[in-house]
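> Sharing a sequence plus its predicted fold:
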Amino acid sequence: MTRPAGIPGDTCRGGALRGTFARAMPTPADRPFRILGLQQVAIGGLDKQSLRSLWCDLLGVPARGSYRSEQENVDEDILVLGHGRGEVELDLMQPLDPDARPRVHEPALNHVGLWVDDLPAAVAWLEQRGVRFTPGGIRKGAAGYDVCFIHPKGSEQFPLSGEGVLIELVQAPPEVVNAFASMRG
């Protein structure tokens, strides 16, 4: 596997940088975007009703809405944990066709969504550094925000990935960006 120019070959371990690439690691000032927090957790299963029985009926998590997309092979219920600035979506997904792709029920913990303050800048910057994204580019997500997904696996052309996890980057609305800025001082 060939790394694009400027991609460190070593990573952070136990909170301390190792190897000769420590100076090459980007700093917050180098990065043209910020991750603001957790936006969602998406859980998939063959039967969305079983998921609703657990999360809504037994645990009492309220439902906000639903989303259905033939193209994304998903029938999804959108639940809400917390409120205000601390609100996080819990998406319960079942495939419209269990044999079609994407397979929203495999793995069961399908993806995590992260608020980002500048999605186009994040995607461009990460791609330049060798991060692989799923096909489809930036598009409208189920909750109406622009989204883009970091692929769980790298490729020859784009060797960096979500390290086995599908990661959704979600464009934060102005109120989330402003709330984050006010909390940071």
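Cool, the structure landed.

> ok so residue 85 is a helix residue?
Yes: counting by DSSP: H, G, I helix; E, B strand; the rest coil, residue 85 is part of a helix.

> For it, give me its contacts.
Applying CB atoms under 8 Å, 6 or more residues apart in numbering to residue 85 gives the contacts 176, 179, 183. Where C-beta positions appear, they are placed from N, C-alpha and C, glycine not excepted.

> Inside helices: which ones of those residues?
Counted as lying in helices by DSSP state H, out of these, are 176, 179, 183.

> any idea how far the last one is from residue 90?
Just to be clear, that refers to residue 183. Separation of residue 183 from residue 90 (CB to CB, to the nearest Å): 23 Å.

> So for these two, which residue has more residues nearby?
In terms of neighbours (other CB atoms under 10 Å), residue 90 is the more surrounded of residue 183 and residue 90; the figures are 21 against 10.

> The strand or helix carrying residue 90: partners in the sheet, and parallel or antiparallel?
Per DSSP states H and E: residue 90 is located in strand 88-94. With DSSP bridges as the test, strand 88-94 is paired with strand 35-44 (parallel), strand 74-81 (antiparallel).

> what about it, average pLDDT?
Computed over strand 88-94, the mean pLDDT rounds to 97.

> So what's the gap between stretch 151-169 and the chain middle?
Put simply, stretch 151-169 sits 11 Å off its chain's centre (CA atoms, centre = their mean, to the nearest Å).

> which other residues reach that stretch?
Contacts of stretch 151-169 (CB under 8 Å, 6+ apart): 1-4, 7, 39-40, 42, 110-114, 116, 119, 122-123, 126-127, 129-134, 141, 147-150.

> Give me the buried subset of these.
39-40, 42, 110-114, 116, 119, 122-123, 126, 129-134, 141, 147-150 (16 or more other CB atoms under 10 Å).

> So which of the residues you listed sit within helices?
Using DSSP H, the buried ones among the contacts of stretch 151-169 in helices are 119, 122, 123, 126.

> that older thread, which one of the strands paired with strand 88-94 lies nearest to residue 27?
With CB to CB as the measure, strand 35-44 is the member of those nearest residue 27 (14.5 Å).

> quick one: that closest one to helix 119-128, angle?
80 degrees (axes from the mean of the first three to the mean of the last three CA atoms, to 10 degrees).
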